[in-house]
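Novice: Kindly return the folded structure for what I paste below:
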Amino acid sequence: MNYLKYTTLISLIFFSACTVSKDIEKPQSVLPASFRDAAIADTASIADIGWKQFFTDASLQKLIDSAIVNNYDMQYAVKNIEAAQLVLKQTKFAYLPDVNFNLTGSINRPSDNSLNGISLSQFLGKSYIEDYSANISLSWEADIWGKIKQQKKIALSQYLQTAEARKAIQTNIVANIAQSYYNLLMLDEQLRIAKKNVLLNDSTLQIIKLQYTAGQQTALAIQQADAQRLVAAQLVPQFEQEIVIRENTLSILTGVLPATIQRTVSLDALTIPEDSRTGIPAEMLNRRPDVKSYELAVDISNAQVGIAKANMYPSLSITAQGGINSFKASNWFNIPASLFGAVAGGITQPIFQRKQLQTQYELAKVNREKAVISFRGSVLNAVGEVSDALVKIEKLKQQQSIAAARVNTLHQAISNADQLFKNGLATYLEVITAQSNSLEGELELASLKQAQLSANIELYRSLGGGWR
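Specialist: Residues are numbered from 1 along each chain as shown. Reported below is the predicted structural model:
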């Protein structure tokens, strides 16, 4: 008899350490040795730089600091982490049995003509029966197939997912605020250009009016010069409107009411970062919070497959109850006479639910395959985003160089056209055309610089930078 007890106990310990489903290994994605269009293959990456070292503008740093603390998406993510942490702590007690304390009292008065009523009258001499009980009950299911172990694994992975989600939100917030801030500086520059051109066009218009008075120009010349001035003048309220809207957007991102955004630097004073180190693709996967989240989703799916498989196997449960019980309140705490106890054990094997449980198991395996596909897709997208940012940086640099040369030429053209016009060697149309081209070129040059800054931000974000 003792031999049988020990054999059963050893068997339970052995099976409790087993799982009925084998986890698939971490999905491997085919990665290149280096990113396309990367200048050099180096293990160092700009993503390893903290965002305060990457963005050195004091006003921008203040905005990002405010967003990390006050942005509602960030606050929501922190609460998700707190909730997942509570669930994770709860799983530490999953192996312990459920224990309940019960305190009950009842009086049952059967019919005098019923069998119970007649029996009470004959044997106890009364028409009712009392029952008072105080006990502790215990129930425990042996984790033979590793279900509890898999549930703990799910809770841990979900907790880590919430941490990665917070990192992903922060990287996006840092990138969005930086891009919006540089866009605001671009609008400031374009507003300055528009106002400057309004004054330039106004000066030209005054000269043409004087020539018209002297009989040297027609009314058409005045009308065309005035129309060109109005083109530049119309841009002023347009840029002012966009500046206010951008300031409102930035304020909301930082978690404050819409207000004026402080700028301590101009777009022209900013320098384009030259550091475009990407590191190797394999290291990028470890830095990207979104990719890590998809990887953790595979771990969760693995555990869910294990639980679905374990549900198809027998479960062993043990229950126990002990306390004091009496038919009279006066004898309730009469110990040891009122003491009682009971222990039971049982094995449950699903029979008619077998098809349903098999379907749930197959569905869990399909969901695991979907998680693997999502993970591989996230890796592919991440590599593509880095490559996109790299080519943008390179080609925008070339465009900016060409645009700068064009603007320089147009400035010279305006000066020459103005001198020739004053000496009667150029028509007013040539002056207006030169001014129009210069306005267009300067606005485009400001847009290109903002695009260069945004491309560098996108490279930083796509490499996994911004959450440190």
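Novice: just for the stretch 251-400 of the chain, where's the confidence low?
Specialist: Within the stretch 251-400 of the chain, no stretch has pLDDT under 70.
Novice: ditto for the stretch 1-150 of the chain
Specialist: Applying pLDDT under 70 to the stretch 1-150 of the chain picks out residues 1-24, 29, 39-42.
Novice: And the helices in it, which stretches?
Specialist: Ranges of helices within the stretch 1-150 of the chain are 2-16, 51-54, 58-70, 72-91, 115-123, 147-213, based on DSSP state H, counting those that start in this stretch.
Novice: any idea which of those helices is most buried?
Specialist: Compared across the helices of the stretch 1-150 of the chain, helix 147-213 shows the largest average neighbour count, a mean of 20 (mean count of other C-beta atoms under 10 Å). C-betas here are computed from N, CA, C, even on glycine.
Novice: Against which helices or strands is the following helix or strand past that one packed?
Specialist: For helix 147-213, the following helix or strand on the C-terminal side (DSSP states H and E) is helix 219-253. Applying 3 or more C-beta pairs under 8 Å, 6 or more residues apart in numbering; DSSP states H and E, one finds that helix 219-253 contacts helix 58-70, helix 147-213, helix 428-462.
Novice: could the helices of the stretch 1-150 of the chain go into CSV alongside distance to Ser374?
Specialist: Output for the helices of the stretch 1-150 of the chain, formatted as CSV (distance: least, C-beta to C-beta, whole Å):
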stretch, distance to Ser374
helix 2-16, 33
helix 51-54, 28
helix 58-70, 28
helix 72-91, 20
helix 115-123, 64
helix 147-213, 13
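Novice: Residues contacting stretch 224-244, please?
Specialist: If you take C-beta atoms under 8 Å, 6 or more residues apart in numbering as the criterion, stretch 224-244 is touched by 184, 187-188, 190-191, 194-195, 197-198, 201-202, 204-205, 208, 428-429, 432, 435-436, 439, 443.
Novice: And stretch 333-342, what's buried?
Specialist: Neighbour counts over stretch 333-342 (16 or more other C-beta atoms under 10 Å) mark Ser338 as buried.
Novice: most remote residue from the protein's center?
Specialist: Farthest-out residue of the chain from its mean C-alpha position, per C-alpha atoms, centre = their mean: Gln122, at 75.4 Å.
Novice: Which one of the helices of the stretch 1-150 of the chain lies nearest to Ala221?
Specialist: helix 147-213 (5.1 Å; C-beta to C-beta).
Novice: The closest one vs helix 428-462, what angle?
Specialist: Compare the direction of helix 147-213 with that of helix 428-462 by axes from the mean of the first three to the mean of the last three C-alpha atoms, to 10 degrees and you get 170 degrees.
Novice: now for helix 147-213, which elements pack on it?
Specialist: Using 3+ C-beta pairs under 8 Å, 6+ apart, helix 147-213 is in contact with helix 58-70, helix 72-91, helix 219-253, helix 289-310, helix 354-422, helix 428-462.
Novice: Ser139 and Gln321: what is the separation?
Specialist: 9 Å (C-beta to C-beta, to the nearest Å).
Novice: who's more crowded, the two?
Specialist: Neighbour totals were compared for Ser139 and Gln321, and Gln321 leads with 17 against 14 (other C-beta atoms under 10 Å).
Novice: State the number of residues packed around Thr264.
Specialist: Thr264 has 10 nearby residues by other C-beta under 10 Å.
Novice: excluding its backbone neighbours, what's nearest it?
Specialist: What sits nearest to Thr264 in space, not counting adjacent residues and going by C-beta to C-beta, 6 or more residues apart in numbering, is Ser59, at 4.9 Å.
Novice: tell me the contacts of that neighbour?
Specialist: By C-beta under 8 Å, 6+ apart, the residues touching Ser59 are 181, 261-265.
Novice: Looking at the residues you listed, which one is closest to Ile457?
Specialist: Ranked by distance to Ile457 (C-beta to C-beta), the contacts of Ser59 are led by Tyr181 at 9.8 Å.
Novice: Once you drop chain neighbours, what's closest to the closest one?
Specialist: Leaving out its chain neighbours, the residue that sits closest to Tyr181 by C-beta to C-beta, 6+ apart is Leu60, at 5.1 Å.
Novice: Distance check, that neighbour against Ala259.
Specialist: From Leu60 across to Ala259, the span is 16 Å (C-beta to C-beta).
Novice: Also Ser157?
Specialist: Noted for Ser157: a distance of 41 Å to Ala259, by C-beta to C-beta.
Novice: repeat for Thr427
Specialist: 49 Å.
Novice: more neighbours, those two?
Specialist: Higher neighbour count among Thr427 and Ala259: Thr427, with 14 against 11, using other C-beta under 10 Å.
Novice: okay but the more buried one is in contact with Leu420, surely?
Specialist: No. Using C-beta atoms under 8 Å, Thr427 makes no contact with Leu420, being 9.1 Å away.
Novice: So for these two, which residues contact both of them?
Specialist: Contacts common to Thr427 and Leu420, judged by C-beta under 8 Å, 6+ apart, are absent.
Novice: Next, the contact list for the nearest residue to Leu463 once chain neighbours are set aside, please.
Specialist: Leaving aside its chain neighbours, Leu463 sits nearest to Ala47 (3.7 Å; criterion: C-beta to C-beta, 6+ apart). Neighbouring residues of Ala47 by C-beta under 8 Å, 6+ apart: 279, 284, 287, 460, 463-465.
Novice: Now render those as a markdown table, adding secondary structure and neighbour count.
Specialist: Formatted as a markdown table, those follow (DSSP: H, G, I helix; E, B strand; the rest coil; neighbours: other C-beta atoms under 10 Å):
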| residue | secondary structure | neighbour count |
| --- | --- | --- |
| Gly279 | coil | 23 |
| Met284 | helix | 23 |
| Arg287 | helix | 21 |
| Tyr460 | helix | 26 |
| Leu463 | coil | 28 |
| Gly464 | coil | 27 |
| Gly465 | coil | 23 |
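Novice: would CSV of those with distance to Gln28 be doable?
Specialist: As requested, these are arranged in CSV below (distance: C-beta to C-beta, whole Å):
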residue, distance to Gln28
Gly279, 19
Met284, 15
Arg287, 18
Tyr460, 27
Leu463, 21
Gly464, 19
Gly465, 25
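Novice: and which of those is nearest Ile177?
Specialist: Tyr460 (12.7 Å).
Novice: Any chance you could list what contacts the strand or helix carrying Phe340?
Specialist: Element membership for Phe340, per DSSP H and E: strand 339-348. Counting by C-beta under 8 Å, 6+ apart, strand 339-348 makes contact with 135, 314-325, all of which sit outside it.
Novice: Using PDB, list the CA coordinates for it.
Specialist: Extracted C-alpha coordinates of strand 339-348, given in PDB (Å, rounded to 0.1, in the frame of the first residue of the first chain):
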ATOM      1  CA  LEU A 339     -15.000  18.000  14.500                       C
ATOM      2  CA  PHE A 340     -15.300  16.500  11.000                       C
ATOM      3  CA  GLY A 341     -13.200  16.100   7.900                       C
ATOM      4  CA  ALA A 342     -13.300  14.800   4.300                       C
ATOM      5  CA  VAL A 343     -10.800  14.300   1.500                       C
ATOM      6  CA  ALA A 344     -11.500  13.300  -2.100                       C
ATOM      7  CA  GLY A 345      -9.600  13.000  -5.300                       C
ATOM      8  CA  GLY A 346     -10.800  12.500  -8.800                       C
ATOM      9  CA  ILE A 347      -9.600  12.200 -12.400                       C
ATOM     10  CA  THR A 348     -11.600  13.900 -15.100                       C
END
